[in-house]
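J.: Structure, please.
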Amino acid sequence: MKTTLAFLLVITGILPAAVEQDWTAWQWAAPLEVNQTGMMRLEVPPAVLAVSRPDLGDLRLLSATGVETPYLVEVPRHREGSVRDAPGIKVVLAGTNTVIEVSAEPAEAVELVSPAREFLKSVSIEGRNGSGEWQPLATNEVIFRQAAGAERLRVPLPAGTWESLRFTIHDDRTQPVPFTGVRSEVAGEKPAGVELPVVFGAREEVPGETRLTLDLGDNPPIPVENPHVRYSAPAIVAKLTDDAPLFLVYGNPKATAPQYDLRLVRNELMAAEPQPASLREEEILGPDKREKMSVTAGSPWLWLALGGVVVALLVVVAKLLPRPAVD
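T.: Next up is the predicted model:
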């Protein structure tokens, strides 16, 4: 409690900071909660993102005396997947079926390749594991191609590791068509997401609010219950060298992004296994503090100022009055 009070006195300019910096323009501060020194990682919560700059350039990690701790911003990125030709393809006709086998690799979907202009088939897919057993992955999936250009040749796969994939294309209703290859769609790296509940309210247009509209065309309205928003949260990574309390300060759109020279230790920061950190309840620094110190009709500062003015006027009047004559 004493540390928080001292920090608030420094941040609002009542006490001098150890480093010459004006922190009074920042609007919010929240104590950082971390178990021990070393590498730490803080996922920036939605409440902080909502009032910070888009590039997070106004975030500061401060000690109780106003000393900054350098940090790196970790922005989650989505790396696109790739499509590859599956190796080792074998195609045979087995009764009323066309059977295709390929060597497998981790993939989230496969696409059958055929030069045929028009067909409609169903396909079942099996995967062979390390013990040589075949397990069903998809059953009677529809694949087709129309002369007008519409087609569906992609079949999603469940998660798993397989040595081989086997496709059984059913030709019992139509003539067989040639298949010349199989393409594997390798999943890209997706950043971890954070799920938040969403509450619908009345329509209101205010700055900073995003309105989502679904265009359903001629379809009936879709009933929506318990919606959630999933987003990828940025994080800040820092190395804590002592156990002194720290505060995250934010909410200054005019702040200049800090220029920490962390190039020499960047790889160390990003490669080390950090401990998770969190924020405790925030303190409002800017608007409320200035409002409390403002001069209003009921403010003691107003009466103090008026008292000073009255005293000054009395002194001036006293000097202007003629002095009594001395006999």
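J.: In the stretch 51-200 of the chain, what residue spans correspond to strands?
T.: Assignment of strands within the stretch 51-200 of the chain using DSSP state E, counting those that start in this stretch yields the ranges 60-63, 72-74, 82-85, 90-94, 97-103, 109-113, 119-128, 134-145, 151-152, 154-156, 164-170, 181-186, 194-197.
J.: hey, which helix is longest across the protein?
T.: For the chain, the helix reaching the highest residue count under DSSP state H is reported as helix 300-320.
J.: Would you mind writing the CA trace of that helix as PDB?
T.: Backbone C-alpha positions of helix 300-320 (Å, rounded to 0.1, in the frame of the first residue of the first chain) are rendered in PDB as follows:
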ATOM      1  CA  PRO A 300     -11.600  24.800  -1.000                       C
ATOM      2  CA  TRP A 301      -9.000  25.800  -3.600                       C
ATOM      3  CA  LEU A 302     -11.400  28.500  -4.800                       C
ATOM      4  CA  TRP A 303     -11.800  29.900  -1.300                       C
ATOM      5  CA  LEU A 304      -8.100  29.800  -0.700                       C
ATOM      6  CA  ALA A 305      -7.500  31.700  -3.900                       C
ATOM      7  CA  LEU A 306     -10.200  34.300  -3.000                       C
ATOM      8  CA  GLY A 307      -8.700  34.700   0.400                       C
ATOM      9  CA  GLY A 308      -5.300  35.400  -1.100                       C
ATOM     10  CA  VAL A 309      -6.800  38.000  -3.400                       C
ATOM     11  CA  VAL A 310      -8.600  39.700  -0.500                       C
ATOM     12  CA  VAL A 311      -5.400  39.900   1.500                       C
ATOM     13  CA  ALA A 312      -3.500  41.300  -1.400                       C
ATOM     14  CA  LEU A 313      -6.100  43.900  -2.000                       C
ATOM     15  CA  LEU A 314      -6.100  44.900   1.700                       C
ATOM     16  CA  VAL A 315      -2.400  45.400   1.500                       C
ATOM     17  CA  VAL A 316      -2.700  47.600  -1.600                       C
ATOM     18  CA  VAL A 317      -5.500  49.600  -0.100                       C
ATOM     19  CA  ALA A 318      -3.500  50.100   3.100                       C
ATOM     20  CA  LYS A 319      -0.600  51.400   1.200                       C
ATOM     21  CA  LEU A 320      -2.800  53.900  -0.700                       C
END
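J.: List the buried residues of that helix.
T.: Buried positions in helix 300-320, judged by neighbour count with 16 or more other Cβ atoms under 10 Å: none. Backbone N, C-alpha and C define where each C-beta goes, glycine included.
J.: Quick one: mean pLDDT over it.
T.: Per-residue pLDDT values across helix 300-320 average out to 71.
J.: that older thread, which of the strands of the stretch 51-200 of the chain sits most buried?
T.: Each of the strands of the stretch 51-200 of the chain was given a mean neighbour count from mean count of other Cβ atoms under 10 Å, and the largest, a mean of 22, is that of strand 60-63.
J.: So for that one, mean pLDDT?
T.: Per-residue confidence for strand 60-63 averages out to 90 on the pLDDT scale.
J.: what packs against it?
T.: Using 3 or more Cβ pairs under 8 Å, 6 or more residues apart in numbering; DSSP states H and E as the contact criterion, the neighbours of strand 60-63 among helices and strands are helix 2-11, strand 246-250.
J.: mind running it again at 6 Å?
T.: Helices and strands in packing contact with strand 60-63 are listed as strand 246-250; criterion 3 or more Cβ pairs under 6 Å, 6 or more residues apart in numbering; DSSP states H and E.
J.: Show me what counts as buried in the strand it packs on.
T.: Taking 16+ other Cβ under 10 Å as the neighbour-count basis, strand 246-250 is seen to contain the buried residues Leu246, Phe247, Leu248, Val249, Tyr250.
J.: Under the pLDDT cut-off, which ranges of the stretch 1-150 of the chain? List them.
T.: Screening the stretch 1-150 of the chain residue by residue with the criterion pLDDT under 70, one finds the ranges 1-22, 77-81, 148.
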